[in-house]
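# Fold the stuff below for me.
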Amino acid sequence: MASAVSSRSPLPDVFGLVGHPIRWGLLSELSVSDRRVSELSLALRLRQNTVSYHLARLRSGGLVSARRSQADGRDSYYVADLDLYSELIAQAGAGLHPAVRLTRESPATDDAIDLREPVPVLFVCTGNSARSQMAEALARHLGAHVMNPVSAGSHPKPLHPYAVRVLGDRGIDIAGARTKGLQEFESEPFGYVVTLCDRVREICPEFPGHPRAIHWSVPDPAREGHSESETYAAFERSADELAGRIRHLLAFIVSRSAPHAAQST
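Residues are numbered from 1 along each chain as shown. As a prediction, the model looks like this:
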């Protein structure tokens, strides 16, 4: 007679991947900011070869990907796929019992969330012509009740027409946006500073109050594509990625800033 254990559904792969304490630690670090192996090694106090081994395991399951650094081509940034993780956990819950249902709706999309005041967030890239401008506009569109976003560049350039076009197709008008330099905000207090460019991360200055530094290694869409349609598609991918990351950041900010969160910690 088959045992009770063998008659049940097999353990979902996601639990085997994230159940190891080192891989859970890596995902925890990558859930907020992209990191290099050396940074993960330092954060978790582990040898780099150990970190690389467990990153490879996470990559095999699709939960983590690697992007070659545009600042130093010899290095890579590792990126966590939180949407895939949410999907796999939801599937695992449904596989256990139909009553176990998880929602992927972010609490930050609820306009009833009441922070004492929106958290100031600075998005930074090199030219402030595309990525950081799109991030600022998307953040304001998705969660102005949670964050007060602005953007800047280390070497400002004119606003890229494809950034205007792609966001315009999503109902967000940035045609009149002004590009700004980092020096304009050097004395401003921020809660979070998000670098979107590997190069600008290396030179981003310190800001008053020691805001939390977050890095998203987002490829420059202006450097992709050899035709109008290819370039437009690259800007669409950037907008999609930024929108997803901003939703995650909004939920992260709410969890640490909402009055109920403060009372429970």
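# got the buried residues for the helix or strand where Asp240 lies?
Element membership for Asp240 (DSSP states H and E) is helix 228-257. When neighbours are counted by 16 or more other CB atoms under 10 Å, the buried residues of helix 228-257 are found to be 231-236, 238-239, 241-243, 245-254, 257. Any C-beta I mention is one placed from the backbone N, CA and C, and that applies to glycine too.
# what about stretch 171-180, how long is it end to end?
For stretch 171-180, the first-to-last residue distance is 23 Å (CA to CA, to the nearest Å).
# What is the helix holding Asp240 packed up against?
helix 82-96, strand 119-125, helix 131-143, strand 147-153, helix 161-168, strand 192-195 (3 or more CB pairs under 8 Å, 6 or more residues apart in numbering; DSSP states H and E).
# Flag every buried residue along the longest one.
In this case it means helix 82-96. Quick answer for helix 82-96 (16+ other CB under 10 Å): Leu82, Tyr85, Leu88, Ile89, Ala92.
# mind checking how far the helix holding Asp240 is from the chain centre?
How far helix 228-257 lies from its chain's middle: 7 Å, per CA atoms, centre = their mean, to the nearest Å.
# oh, and call the first residue 779 from now on, that's how I've got it
That works, and once the first residue is 779, the last one we named lands at helix 1006-1035.
# Let's test this: mean pLDDT of that helix, rounded?
Mean pLDDT, computed over helix 1006-1035, is 94.
# correct me, but Ala849 touches Cys982?
No - applying CB atoms under 8 Å, one finds Ala849 not in contact with Cys982, separated by 11.6 Å.
# These two: which is more packed in?
Cys982 (19 against 15; other CB atoms under 10 Å).
# Enumerate every residue touching the nearest residue to that one once chain neighbours are set aside.
Residue nearest to Cys982 in three dimensions, not counting chain neighbours: Thr973, with 5.4 Å by CB to CB, 6 or more residues apart in numbering. Applying CB atoms under 8 Å, 6 or more residues apart in numbering, we find Thr973 in contact with Val902, Cys903, Arg979, Cys982, Ala991, Ile992, His993, Trp994.
# give me that answer again for 6 Å
Neighbour list for Thr973: Val902, Arg979, Cys982, His993 [criterion: CB atoms under 6 Å, 6 or more residues apart in numbering].
# What residues sit buried inside the helix or strand where Ala834 lies?
Element membership for Ala834 (DSSP H and E) is helix 826-838. Residues of helix 826-838 classed as buried by neighbour count (16+ other CB under 10 Å): Val829, His832, Leu833, Arg835, Leu836.
# Out of the residues you listed, which comes closest to Glu895?
Leu836 (37.0 Å; CB to CB).
# Tell me if I'm right that the closest one and Val842 touch.
Yes - look at Leu836 against Val842 with CB atoms under 6 Å: they come within range, at 4.0 Å.
# Could you list the low-confidence segments of this structure?
Scanning the chain for pLDDT under 70 picks out the ranges 779-787, 880-892, 1036-1043.
# okay, now the domains of it?
Here the domain parsing of the chain from automatic domain parsing is 791-874, 888-1042.
# Packed most tightly, which of those domains would that be?
Each of the domains of the chain was scored by mean neighbour count; the highest is domain 888-1042, a mean of 18, by mean count of other CB atoms under 10 Å.
# closest one to Ala953 among the helices and strands packed on helix 1006-1035?
helix 939-946 (5.2 Å).
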